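Visitor: next one to model:
(one chain, ligands or ions: 1)
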Amino acid sequence: MSTAVNRQIMLVEKPAGKLIPQNFRMAEAAIPEPKVGEVLVRVLYISLDAANRAWMQGVTYRGAVEANAVMAGGAIAEVVESKVPGFFAGDLVLGDAGWQDYAVLSADDLIKVPRAEPITHSLSVYGIAGLTAYFGLLYVGKPKPGDTVVVSAAAGSVGAFAGQIAKLKGCRVIGIAGGKEKCDWLLSELGFDVAINYKAESVLKALKAAAPNGINVYFDNVGGDIFEACLPQMGKYGRIVCCGAVSAYDGAAPATGPRGVPGLIVIKRLTVQGFIFTDFSAERETALAELRSWVNAGKLQVREEIIDGLENTPDGLIGLLAGENRGKRLIRVSAPKL
Ligand code: NAP
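Guide: Residues are numbered from 1 along each chain as shown. Okay, here's the model as predicted:
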């Protein structure tokens with residue numbers, strides 16, 4: 001899998017509707033040289049995230065990705081050459097290396113991670129997915145034992161961790177996901193109490209039956225119709241954790257909804273809070289220690305779907321947006337060498 005050139009997946013144009021393979025093309029460039037203050041890294045695994053698609057829509061919590069540029073994306077990479085004190089060839093780092101074999105990055109944009117197996121966990125449970133679920137649920141949602149917690153995109157990478165962490169904190173957990181197989185998985189393997197297949201049943205009706213006394217915490221990964229269905233079922237003083245809105249990422253902006261904003265939010269005295277996982281960087285080590293203890297004790301299941309080959313990155317993201325994935329989806333670009 002190693003290459004002498006730098007293969008790069010470029011975003012040809014920003015998609016007007018749904019993302020398609022033709023929005024990308026493979027290019028080849030020379031392997032870049034690091035300057036003082038920079039390191040050259042070889043990408044090992046690329047993280048596929050729903051947010052990759054949102055970055056194409058414009059400025060979010062980061063700059064927009066532009067046409068004719070290498071597609072951005074988080075990755076775990078190995079340092080090949082360092083011109084920064086404290087970084088050495090062979091170090092493993094996390095950073096936005098993009099969809100390519102090699103990248104030059106400034107040390108300020110890198111986080112060193114331990115070479116603990118499996119290294120993919122640095123992109124799943126100990127990376128963006130696990131930390132987002134942990135901080136969003138515990139620091140924003142503030143669940144109490146016995147609370148009813150609803151998680152959407154519950155079989156996805158953030159959602160599967162958010163639901164399991166809510167169970168670990170003694171909550172009753174309702175997951176919303178697309179498809180029977182995903183719902184069965186939530187119930188049989190991840191310990192969710194209820195699973196709602198939003199593609200086959202009315203979410204509002206199912207929530208009325210499953211949460212007759214109201215939802216205390218709604219962990220929202222999808223926005224749109226599902227957010228709208230959760231609103232009237234919220235209990236008084238409920239907390240809505242606005243993690244993301246994947247229903248609005250892959251296409252034109254939705255024409256309607258969610259209705260009930262702000263009316264129901266006022267009447268029910270809801271707390272609706274958005275967050276980005278990096279808001280809690282100061283608590284990163286605390287979160288990682290607790291996540292590690294749960295994984296090591298077998299209490300938190302980590303499902304990773306690993307697809308081989310940089311060339312398969314566009315299809316991997318298109319499939320994730322269509323709901324193909326269960327848990328965290330990654331692309332294996334190359335094996336560690338050093
Ligand atoms: P993911 O959940 O692994 O994959 C996305 C899932 O979204 C798909 O598997 C699909 O599952 C579901 N989905 C797609 N279209 C949908 C629709 N129209 N309605 C309902 N569900 C739909 O992706 P992820 O990267 O972990 O991201 C999940 C959410 O977390 C996103 O909103 C993302 O922006 C957010 N996020 C936020 C932060 C933060 O710091 N705030 C950090 C990371 C991620 P189904 O089969 O169930 O439809």
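Visitor: residues from this structure in reach of the ligand?
Guide: 49-51, 54, 128-129, 132, 153, 155-159, 177-179, 182, 221-222, 226, 243-247, 275-277, 320-321, 323, 325 (C-beta under 6 Å from any ligand atom). C-betas here are computed from N, CA, C, even on glycine.
Visitor: next one: phi and psi at the residue in the stretch 201-338 of the chain that the ligand sits nearest to?
Guide: With C-beta to the nearest ligand atom as the measure, Gly244 is the residue of the stretch 201-338 of the chain nearest to the ligand, at 1.9 Å. When quoted as degrees, to the nearest 10, the phi and psi of Gly244 stand at phi -170, psi 180.
Visitor: what do you get for Arg172?
Guide: On the backbone of Arg172 - angles per degrees, to the nearest 10 - the values are phi -90, psi 130.
Visitor: so it bridges to which residues?
Guide: With beta bridges defined as DSSP bridges, Arg172 has these partners: Thr148.
Visitor: returning to that earlier point: the closest residue to the residue of the stretch 201-338 of the chain closest to the ligand other than its chain neighbours: what's it in contact with?
Guide: Counting by C-beta to C-beta, 6 or more residues apart in numbering, Gly244 lies nearest to Asn221, which is 5.2 Å off, once chain neighbours are set aside. Contacts for Asn221 were tallied using C-beta atoms under 8 Å, 6 or more residues apart in numbering; they are 50, 151-153, 156, 158-159, 243-246.
Visitor: do that again at 6 Å, thanks
Guide: 152-153, 159, 243-244 (C-beta atoms under 6 Å, 6 or more residues apart in numbering).
Visitor: SS state for the closest residue to Phe87 other than its chain neighbours?
Guide: Nearest residue to Phe87, sequence neighbours excluded (C-beta to C-beta, 6+ apart): Val39, at 5.1 Å. Using DSSP: H, G, I helix; E, B strand; the rest coil, the structure places Val39 in strand.
Visitor: dig out what the closest residue to Arg303 other than its chain neighbours forms beta bridges with.
Guide: Sequence neighbours aside, Gly327 is the residue nearest to Arg303 in space, at 3.0 Å (criterion: C-beta to C-beta, 6+ apart). When bridges are taken as DSSP bridges, the partners of Gly327 come out as Gly156.
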